[in-house]
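> Here's my sequence, what's the structure:
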Amino acid sequence: MNAKASTRTVGKNTEPADISVPDNKAVRRADAVDERLGIYRLGGKYIRKVFPDHWSFMLGEIALYSFVTLLLTGVFLTFFFQPSMQEVVYDGSYVPLQGVHMSAAYASTLEISFDVRGGLMIRQIHHWAALIFIAALFVHMFRHFFTGSFRKPREVNWLFGFLLLVLAMLNGFAGYSLPDDLLSGTGLRVADGVVLGIPVVGTYLQFFLFGGEFPGDDAIPRLFTLHVLLVPAIMVALVTVHLILVFYHKHTQFPGPGRTEDNVVGQPFMPVYVAKAGGFFFIVFGVTALLGGLAQINPIWAYGPYNPGQITAGSQPDWYIGFLEGALRIMPNWEWTAWGHTISFNVLLPSVIVPGILFTALGAYPWIEAWVTGDKREHHLLDRPRNMPVRTGLGVAWIVAYGVLWVCGSNDIIATHFHLSINTITWVGRFAFFIAPVIAYKVTVRWCKGLQLRDRDKVVHGRETGVIKRLPNGGFVELHEPLDPAARHILTAHEQYEPLELEPPVDDNGVIRMAKPSQRLRVRLSRWYFADQVRNPSAARVARDPAAVPAAPNHHGEISIEHRPDT
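Model prediction:
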């Protein structure tokens, strides 16, 4: 075996080699591939990509790995599921339902559960992965919200993640409805009422989805096409673009020594991050498989086939649709009839308008905050949630509003288990939807400002040691230890924002300026957003530690710094 030590071929260029490269068949094949795809150049650029190290960054990985699990198990299930509403007589191995008339979709789901080897476990892994996927998306999205990583230049990536969340919820509901059992059929009946409640286009949408009057003959085949083909293809595209933008913009990072808006401090993609990510994938998959094998979920054989004349008492949808169920349950029976048309506000408001407001506000928030604050700069350092109390309060208020509706979706179960009046629970839910988010917002803002004051006190006076010293005059005082430079930097690294102000009423040429109503509104909102800020202490008031603490590598023994290119 000969070795080339002087030069090597990179694409079409010949460059001096730093190391000896063996001249064998494998190297020649790799060079041939590189001449067509340029893998050396791409590998050299991205293989040492730096990723910061923080536990909260794993939330997105849980969502990604759950999505991969969904795709793998979903492919298996499509081999055996029959998306047909044709009526058949069941003659499978589940004795209690033998001889019962049902749809081919329900019969094939029973076959997967009882006659296909490993079918029930795969079904349950698929269902658990869907629940974990949407839960991880919610938590991952609010991690970005509370830390401000949605700001420029990542607004579009936030929007892609938001669309991925909405599509995941819709696709989850479609998959939940495919077995055509009594529980999922009840959910489809609710969806049919929601579609019909939309003015003007409701009936057209209903015929498009169901192929006629509910339940129709085409609901399951059309939902199957949406669930396994159209929506997953869009989601795969969104995930791909989302990850590409994460690579392009580079990862955000929390403030710390050596971390600036122009660099990324962390571990390289190869081999550290790849090893961690690979191991974490198997952990996520293993936990999901354990749930699928040990924790029963959606036992469709206990519900029986769907019958439009029956309904399941105490029926509950999957958790991510519970808020919609709750909104429908607490809404008063309001209807208007005008010019021969009936507008069902008891369906339109809770199922279309309220979710539309909640989720539209969430998706558009990066642009709303940028308009209120007037901040058009790029941000690569994250905020500690306590340092942006209004944003944190708004996020908590959103979660509380969603949670109130979610709890109200089980008002019948709460009433029967705790022996309470369902009417009382319904009225409490109506008031709580408007009052609880306001209380949550105010408490969160005060809590954040209290934490800021505590941080300020630590910076000025140091950390409490618990050591009590007696003074010469007989009094007692607790000794404080000055913070080390790293801790002090973290507590004081956040920006000090100033609210917007109206321009002077007269410009330099003596011309009177007329402020627009939108400008006045923007200034008022900006003052509210940055009201009563806790300012960082001046340098003269900070208790300094004379002994400088040098920066140390992390627990992996490696620190990498990647500088951001000028944009």
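
> Would you map the strands across the stretch 201-350 of the chain?
Secondary structure of the stretch 201-350 of the chain (DSSP state E, counting those that start in this stretch): strands at 263-268, 335-338, 341-344.

> which one of those strands lies closest to Gly450?
Across the strands of the stretch 201-350 of the chain, Gly450 has its closest neighbour in strand 263-268 (30.1 Å, CB to CB). In short, each C-beta sits where N, CA and C put it, glycine included.

> follow-up on the earlier one: winner for burial among the strands of the stretch 201-350 of the chain?
Highest mean neighbour count among the strands of the stretch 201-350 of the chain (mean count of other CB atoms under 10 Å): strand 263-268, with a mean of 20.

> Direction included, what does that one pair against?
With DSSP bridges as the test, strand 263-268 is paired with strand 50-51 (antiparallel), strand 560-563 (antiparallel).

> which residues touch the longest strand along the chain?
Counting residues, the longest strand found in the chain (DSSP state E) is strand 463-470. Contacts to strand 463-470, defined as CB atoms under 8 Å, 6 or more residues apart in numbering, come from residues 476-483.

> Give me the buried subset of those.
Neighbour counting by 16 or more other CB atoms under 10 Å classes 480, 482-483 among these as buried.

> now, which of those sits nearest Leu120?
Leu483 (56.1 Å).

> I figured the closest one hits Val459, correct?
Yes: contact criterion CB atoms under 8 Å: Leu483 and Val459 qualify, at 6.6 Å.

> packing partners for the longest helix seen in the chain?
If you go by DSSP state H, the chain has its longest helix at helix 422-461. Judged by 3 or more CB pairs under 8 Å, 6 or more residues apart in numbering; DSSP states H and E, helix 422-461 is in contact with helix 322-330, helix 389-408, helix 411-418, helix 485-492.

> Format the buried ones among the contacts of strand 463-470 as TSV; extra columns: secondary structure, distance to Glu61 and pLDDT.
As requested, the buried ones among the contacts of strand 463-470 are exported to TSV (DSSP: H, G, I helix; E, B strand; the rest coil; distance: CB to CB, whole Å; pLDDT from 0 to 100):
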residue	secondary structure	distance to Glu61	pLDDT
His480	strand	40	85
Pro482	coil	38	86
Leu483	coil	32	85
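
> in the longest helix of the chain, what counts as buried?
Buried residues in helix 422-461 (16+ other CB under 10 Å): 425-426, 428-429, 432-433, 436-437, 440-441, 444-445, 448-449, 451-452, 455-456, 458-459, 461.

> excluding its backbone neighbours, what's nearest Glu61?
In space, and not counting its chain neighbours, Glu61 is closest to Phe280: 5.8 Å by CB to CB, 6 or more residues apart in numbering.

> What pLDDT is listed against the one you found?
If you check Phe280, the pLDDT there is 92.

> pretty sure it is in contact with Ser66, am I right?
No: counting by CB under 8 Å, Phe280 sits too far from Ser66 to count as a contact (11.7 Å).

> neighbour count winner among the two?
Neighbour comparison, Phe280 and Ser66: the larger count goes to Ser66, with 25 against 15 (by other CB atoms under 10 Å).

> So the more buried one versus Met102, what's the distance?
Here the distance between Ser66 and Met102 works out to 31 Å (CB to CB, to the nearest Å).

> cool, and Asn346?
Look at Asn346 and Met102: by CB to CB, they are 33 Å apart.

> Settle it for me: which of the two has more neighbours?
Legend: neighbour count by other CB under 10 Å for Asn346 and Met102, higher for Met102 (21 against 16).

> what's the strand or helix carrying that one in contact with?
For Met102, the host element (DSSP states H and E) is strand 101-103. For strand 101-103, contacts defined as CB under 8 Å, 6+ apart pick out 84-90, 180, 220, 305-306.

> partner strands of it, parallel or antiparallel?
Its sheet considered, strand 101-103 pairs with strand 87-89 (antiparallel) by DSSP bridges.

> Of all the residues in the strand it pairs with, which ones are buried?
Val88.

> which residue packs closest to Lys250, ignoring adjacent ones?
Once flanking residues are discounted, Lys250 sits nearest to Val264: 5.2 Å by CB to CB, 6+ apart.

> Quick check: the one you found touching His251?
Yes: here Val264 reaches His251: they are 6.0 Å apart, a contact under CB under 8 Å.

> what is in contact with the two at once?
Contact criterion CB under 8 Å, 6+ apart; residues shared by Val264 and His251: 50-52.

> Identify the residues contacting Ile399.
Counting by CB under 8 Å, 6+ apart, Ile399 makes contact with 142, 440.

> what do you get if the cut-off is 10 Å, keeping everything else the same?
138, 142, 145, 406, 437, 440, 444 (CB atoms under 10 Å, 6 or more residues apart in numbering).

> give me the number of residues near His54?
Count around His54 with other CB under 10 Å applied: 16.

> I meant to write His242 there.
19.

> got it, and Pro355?
Neighbourhood size, Pro355 [other CB under 10 Å]: 18.

> Does it touch Glu325 like I think?
No: in this structure Pro355 lies outside contact range of Glu325 using CB atoms under 10 Å: 11.4 Å.

> hey, what's in contact with both of those two?
Leu405.

> What are the buried residues along stretch 485-498?
485, 487-494.

> same question, stretch 251-270
Buried residues in stretch 251-270, counting neighbours by 16+ other CB under 10 Å, are found at 251-257, 259-260, 263-269.

> Where does confidence bottom out across those?
Note: of these, the lowest pLDDT belongs to Phe269, at 77.

> give me phi/psi at the nearest residue to that one once chain neighbours are set aside?
In space, and not counting its chain neighbours, Phe269 is closest to Lys49: 4.1 Å by CB to CB, 6+ apart. Phi and psi for Lys49, reported as degrees, to the nearest 10, are phi -60, psi 140.

> who's in contact with Lys49?
Applying CB under 10 Å, 6+ apart, the residues near Lys49 are 246-247, 250-251, 264, 266-270, 273, 560, 562.

> As a markdown table, those with distance to Val400 would be great.
Below are those laid out as a markdown table (distance: CB to CB, whole Å):
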| residue | distance to Val400 |
| --- | --- |
| Val246 | 30 |
| Phe247 | 35 |
| Lys250 | 34 |
| His251 | 30 |
| Val264 | 35 |
| Gly266 | 34 |
| Gln267 | 37 |
| Pro268 | 41 |
| Phe269 | 38 |
| Met270 | 43 |
| Tyr273 | 36 |
| Ser560 | 40 |
| Glu562 | 39 |
